[in-house]
Structures are given as structure tokens and as C-alpha cells.
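[1] Provided below are the primary sequence and the corresponding predicted coordinates.
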Amino acid sequence: MSFFKRLKESIASKTEAVTSKFKDGLAKTRSVFTDRVAELFTRRQKIDEAFYEELEEILIGADVGVNTVMELMDDLRAEVKKRKIEQPSQLQPILSEKLMNMLRGGGEDAGLRTNSSGITVILFVGVNGVGKTTTIGKLAWRFKQQGKSVLLAAGDTFRAGAIEQLQVWGERVGVDVIRQEAGSDPAAVMYDAAQEAKRRNVDVLLCDTAGRLQNKVNLMEELAKIHRVIQREIPGAPHETLLVLDAATGQNALQQAKLFGEKTGVTGLVLTKLDGTAKGGIVIAIRNEMALPVKFVGLGEQMDDLQEFDAEQFVHALFAGLAGTVEENEAN
Amino acid sequence: MAFEGLTARLQNVFGKLRGRGKLTEEDVNEAMREVRLALLEADVNFKVVKDFIAKVKEKAVGQEVLKSFTPGMVVVDIVNKELTELMGGTQAKLAQAGKPPTVVLMAGLQGAGKTTLTGKLANLLQKQNHKPLLVAGDIYRPAAIKQLQVLGEQIGTPVFTLGNQVSPVEIAKQGVQHAKDNGNDYVLIDTAGRLQIDEALMEEIQNIHAAVKPDEVLLVVDAMTGQEAVNVAQSFHEKLALTGVVLTKLDGDTRGGAALSVKAVTGCPIKFASTGEKIDQLEPFHPDRMASRILGMGDMLSLIEKAQANIDADKAAEMERKMRTADFTLEDFLEQMEQVRKMGPLDQLLDMMPGMGKIKNMPNFKVDEKQIARTEAIVKSMTRNEKLKPDIINFSRRKRIAAGSGTTVADVNRLLRQFEDMKKMMKQFSSMMGPGGKGPKGGMKALKNMFGKGGMKFPF
């Protein structure tokens, strides 16, 4: 049975609705990325330097990242030699499987870590403008739907209007927001929020922070302090520290993952704005180089547009076009 | 990100064929592979890279390699020049309408930094004695209007808003009318972030465009954007006929290849670069500096300019003399430190220096502004005599200095030891350098030496 058939079957059991949401959201990614791959594999008659070069460009064009692409190309070349492959179409499933493996990593840490016996604290970090506050709003809604009690901490005391933005989300979703004045110490906000979360015994505390560029030493130290305060006030917390990444980000995302990871022990990623064009490659690069799993993806502007990341579905959506051609080939 | 800078990599490639005749096609091909990687790693779009490489290759083959240069330097020079030219030669200014008000429309993806930029631009215009009006056209993102209002308040610029229930087209129209009625000569229209494939929202911004006929349409682009920059720029340009681009978040450690992609696709000049979170951190865009940054060669020019603007030439010359003669006291040291600090935050300075970006990321090299302040406090807690002759600082003096500066005796010891090391190092330099040329350039040289020698340990 082909790789794609197996993949398809493993997905068939999952709800159709979620898959279609994924597919819709990723429609553009798919059409730009996979159509080009598919076209390449059918047009090229033999595997030569020009073929490799073109494949390399497609992958880089999807922001997979130079290092990861080079690694991938070396692997493919070795594989071609070993198995004496001549037709590009034979190489196609190998490429897909490699990408898939890269995306999955160990595969053990896909779900959201929660605290079964108390408050689950999730800290959100990232550079400016990636969608931290929006993600928190959407996630709060999700938890609310699951019948959980949620509290939000307005830790972005720096950017003008950020506290109000979170407050609007709080009202929309119907959860309370712990806040202080703009310009106050965010660590103090976290302290307040932790105390209040304990007093009310809520299920989930979502902590917003101001966007900051990872090379600003002082701001990163501030974030480390926030992290420490949460750790001290609620033992075991934060249960997740999620780095929010804009899907349009290029290679700098790797640097973000590295430096935010050093200061706050990032445990996972949220990939936002994935409903645009030609994206997703960065996930592969980060997973490959940092071993950080993607936990959620943002696929639109609606409250329910935050989806749990599922590598299988992601690849399925990414390669839907390809799977078709392979099956046709097999049928012939 | 282990990027060594294109220069070093090319030196590697050319190591075996140092300084001879002309660049052959083979040499150039090999070099271009490195150039290509450098550009791709900087997030320049692969199509743009392809065209660029083809163009540079043509120019490079057959180039004379002068005696004083290595082939690598010649190639870097060509690449750098081409890149600078591609990014727009000289810098462009903001449009000004023949008949005020000048209408400026912002456009871009979500989170690119449009609202912040709108505030910064108003601040800049005000400093040039203009009377800008901010128009709050983002009715979708929660509290976007509030954000613009807070910014307007900070800088004392009026903000026009009709709340979030009126269509942005109407808001823009009335905003421009409001400016006319109140004598504002610039109207800056903030808009909601939108994906270039969102048809409804793209039509909306087209309608705004049609309604107010802006003199300037600025695409706001996050400098960290990857390959996607090309698609974004292309779509926005098709729909809105952009007149300029602004790069934001350039104070990060991104190489910013998006700048090149956007410029190549739209042909629009990059008019400004946003380099910090503070309202006055907006700078004119310098293509030449961006070129070296994309190539990973540091931003030496910016550093030199900053140094020239902030360092007193006479003092620097005097300092250089003192360093050469090892007649360098703690007082001079304090002064030197203040001069360097005037140039801006240290981590930003380091970013601009070739090779320093890498050093900065090393685990035991921390740029800690607080540490500098502490060092300053220690030196300032000394008597004049102690500063001139550190040798007289005995244990009881150390205790007093530590108490005075709020540090420990160990801190004081460390500083004194490092100062001694530094002095020794300077003696070695000066014997190497001999009596150098004086004049306005001398100061720069001294400064470069302060930074340049890898072996020197800073007391901070």
C-alpha cells in the first residue's frame, strides 16, 4: 500500500469537518506549493542537476529554510543512488515521507500539556505583531466551549491599546481579564493573575505578554522574570510556554525559537495567519532544527479558526494534490 | 544561525587563487553559489535571487583583479554595488501634494506594524513643522482605534475616528474633509491589516483608495517576512498602485531580505525603516546599509555615521593620543565609555559591526547596560586622585568605593584588574601602530581599535 493510502486511511477516522477546515485554510498553501511539486515531478523526465535545483527552489520558496532544504537534498541524492532511482515519480513518495517524518518528529508531544489536578497555566511569547493576543482570545473561547473556567492576564502593558484589545476579547468570550494600568510591571500583573486564579480556582490561566524582538536583552530578561514569577506562584506552571509565530516569517523564525526558548523554555509553537498563501515550510524547519512541536495553527479571523495542529492532517492537506496523482499512477 | 558573512565565505572559496589576473567564469560560478546561499538565508525570494545572480555573473566575469584585492573582495564589491542599486540607489522622501492636505494611505498584512508606524510618521512630520491628522480606519481589530488614540495623545496629534460601526471608506473620506476644514497638511490613514488574498477586504481598501485619492500609498512590511514578501507586495501593488514601502522591526536580528524582494517586485522605493518600539525610532532607509546587512557584512556605515554625529572629534583625537602613549587613566576611561554610550544602546551598536552579531550570541558574552552603569558608578565613586593613579587604591579605599557605588569589593577589584589589562593591551597596540596620522579621522581609528581587536577584554 502506498504511503498516501496509508495516510489517507489513518485520517479517514477523524472528523470530516476539521479536515475540511484545515483544507480550506491551507488551500492557498496547497495550490502554490504542491501544484509546483506535482508539476515538477510529471514534467521532468529524469533526475538531473536541473531537477534537483528546481526542487530545491520550490522548497526554499515555501520557507522550509536553507539548512533543512540542503539536508533534505543530500538525503534525496543519497537515496537516489542507493535505490538506483531514475524516474522523478519514484522519488516523490520518498520526499513526502521525509517531510512527514520531519514534521512529526518524535510525535509524542503533539497535544497540549495540561494540569489535571489544578490550574493549567499557558504563557504566550513572541515578537511583535504575530497575533499573541488574538490567539489567546481564540484559545479562551475554545476552553470556554469545553466547559472550563478561564482567566486572562493582560501582561502586555507596553503597546498602546493592548490591554483594551485583550479586554474586548474577554468580553466577547465571556471571561475575566486581570489587568493593571498601562506601563506597569508585567510580572506584577502575572502575580495578581496567579493569586486570583488560585482564589477562584479556575481551570485555565492564559498569560499575554508584550511582543518583543528576541535580540533585546533587557526585554528578554523581563520575560524571564515573568516566567519566574509564574513558576514561583503556581508550582509546575507554566505548563505550556507557547511561542506564537507568524506563518509569513522567514528564516528569522529559527532564531526566535532559539532565543525565546533559552529565556522561557518554550514548549511548543502556535503558527498564526496560515490562511494566506504559500506557507507552512517554516514548521518543517523549526521542527527539524529545534525539535519544537506545533500545537495550534491559526487559520482565519473567526473565534473558531484556531485548530489543534495535526501533522497527519497538515501533510494530507499539503499533499492532497500529490496523493491523487500517485494513486492514478498506481492504478495504471 | 551560523552565518559567517559573505566576505569570509568568499575568501574561503578564493583562498587558492589569491590575487591574479582576471576573474574567470569558473571562479565566478563558484562564488555565485555562495552569494546565492547568502541571499537565500537572508530570505530574499528565490526568483529575485535567480535574476540577481544572473545579472551579477555577467558583470563579474572578466573583471580585473587588482593587486591589492583578493578575487573575493572584487566579487563582494560587485555584489554589494548591484544590490545597493537594486534597492533604490539614493533614498526617497515622503510625497507632498501640490495642494494640501497630502493624503497618505497605509496598507499591509496583520501585525506588520501599520498603526505604530502611523504614529511614528506623524511624530516625524510634526518635527518638520507639519500638522498631521491621524485617521483611525481599522475598525476590525479590537482596540485598534484606542491604540491610535493613545499614540496620538503621546505626541499631541489629533486623531479622527467615527468608531467601529462606520465603514472605513466613509471614515477616510470624512477624515480628509476634517483635515481640510482644520488646516491639517498631512492626513495619515491607518487601515486594518489584511491578507492579500482576502477579496472583500482588498476591495474595501481599493474603495478607500478611490474615495480619497492618496498622494502616497505605503506598504508596511515586516522585515522578518520570508519568501511570502513577493506575493504580498505583488498583490498589493496590483490593487493599489503603491508609491512606497516601509520596513518595520528592522531592529531585530533578521537579515531583512524581504526588502530586496519587495523592491524588486514593486519597483517602489523603500522610504523608511522602523528601528525600535519608541515613537521616534523611524529612520530614512539606506539602501547601501541594507545591502551589507543582507549580505551579512554588518552595517559599518551606520556605525561610522553614528560615531561621527556623537563623538567630539577633538576629544577623540586626545583620547587616541593618550591611548597611544598609554597615558590612559580611569577618568579617560569613563569619558570614553560615555562617548560610546551616546551612540545608542550597545547591543544595537554591536549589531552593526561585522562579525559582532555572532559574538553577541555567544553564551558568555552579554551586553548588559546595567553592568555599564555599575562600572560607571564605581569609577565615579573614586576621588580624582584615585582615578589618575589607580595604584594608590588600597583595601580601605576599595571598601569605600564599593560602598559608594553600591557594589562589592570584588566588583571593584575586577574593574581595576580589567583596566590594567586594557592598559597593557594598549601599550602593545601603540608600539605596533607607531605614531599614526592625526586629524578628524584619527578619532575613528581609535574607536575602531577599541572595538576591533578581538583579544581585548571590555570591563563591561
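    It's in. Residues are numbered from 1 along each chain as shown, chains lettered A, B, ... in the order given.
[2] all strands of the stretch 51-200 of chain A, in order?
    Under the criterion DSSP state E, counting those that start in this stretch, the stretch 51-200 of chain A contains strands at A:120-125, A:150-153, A:176-178.
[3] just the CA coordinates of the second one, formatted as CSV?
    Extracted in CSV, the C-alpha atoms of strand A:150-153 (Å, rounded to 0.1, in the frame of the first residue of the first chain):
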residue,chain,number,x,y,z
VAL,A,150,-10.8,30.6,32.1
LEU,A,151,-8.9,33.7,33.4
LEU,A,152,-6.8,36.0,31.2
ALA,A,153,-3.8,38.0,32.3
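[4] now that strand: buried residues?
    By neighbour count with 16 or more other C-beta atoms under 10 Å in any protein chain shown, strand A:150-153 contains the buried residues A:150-153. Bear in mind the C-beta positions are built from the backbone N, C-alpha and C, glycine included.
[5] which stretches in chain A count as helices?
    Assigned by DSSP state H, chain A shows helices spanning A:3-12, A:16-25, A:27-43, A:49-61, A:66-83, A:88-104, A:132-145, A:162-173, A:186-200, A:217-233, A:252-264, A:281-290, A:311-331.
[6] CSV for those, including mean pLDDT, distance to chain B and mean neighbour count?
    Formatted as CSV, the helices of chain A follow (pLDDT from 0 to 100; distance: least, C-beta to the nearest C-beta, whole Å; neighbours: other C-beta atoms under 10 Å in any protein chain shown):
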stretch, mean pLDDT, distance to chain B, mean neighbour count
helix A:3-12, 53, 26, 15
helix A:16-25, 59, 11, 15
helix A:27-43, 65, 6, 17
helix A:49-61, 82, 5, 18
helix A:66-83, 88, 5, 15
helix A:88-104, 78, 17, 18
helix A:132-145, 94, 8, 23
helix A:162-173, 93, 3, 21
helix A:186-200, 95, 14, 19
helix A:217-233, 93, 6, 18
helix A:252-264, 91, 4, 22
helix A:281-290, 82, 7, 24
helix A:311-331, 50, 16, 18
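[7] can I get these in TSV including distance to residue B:202?
    Formatted as TSV, the helices of chain A follow (distance: least, C-beta to C-beta, whole Å):
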stretch	distance to residue B:202
helix A:3-12	33
helix A:16-25	18
helix A:27-43	14
helix A:49-61	23
helix A:66-83	32
helix A:88-104	31
helix A:132-145	20
helix A:162-173	24
helix A:186-200	36
helix A:217-233	35
helix A:252-264	26
helix A:281-290	24
helix A:311-331	24
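[8] so for residue B:193, which of those sits nearest?
    Among the helices of chain A, helix A:132-145 comes nearest to residue B:193, with 10.7 Å by C-beta to C-beta.
[9] quick revisit: of the strands of the stretch 51-200 of chain A, which is nearest residue B:272?
    For residue B:272, the closest of the strands of the stretch 51-200 of chain A is strand A:120-125, at 27.8 Å, according to C-beta to C-beta.
[10] helices or strands up against the closest one?
    helix A:132-145, strand A:204-207, helix A:217-233, strand A:240-246, helix A:252-264 (3 or more C-beta pairs under 8 Å, 6 or more residues apart in numbering or on different chains; DSSP states H and E).
[11] which residues does that strand contact?
    For strand A:120-125, the external contacting residues (C-beta atoms under 8 Å, 6 or more residues apart in numbering or on different chains) are A:112-115, A:132, A:135-136, A:139, A:194, A:197, A:203-209, A:223, A:226-227, A:230, A:234, A:237-244, A:260, A:264, A:266, A:270.
[12] can I get the CA coordinates of it in CSV?
    The C-alpha trace of strand A:120-125 is given here as CSV (Å, rounded to 0.1, in the frame of the first residue of the first chain):
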residue,chain,number,x,y,z
THR,A,120,-3.3,25.0,33.8
VAL,A,121,-1.1,28.0,33.0
ILE,A,122,-0.2,28.8,29.5
LEU,A,123,2.3,31.6,28.8
PHE,A,124,2.4,33.2,25.3
VAL,A,125,5.5,34.8,24.0
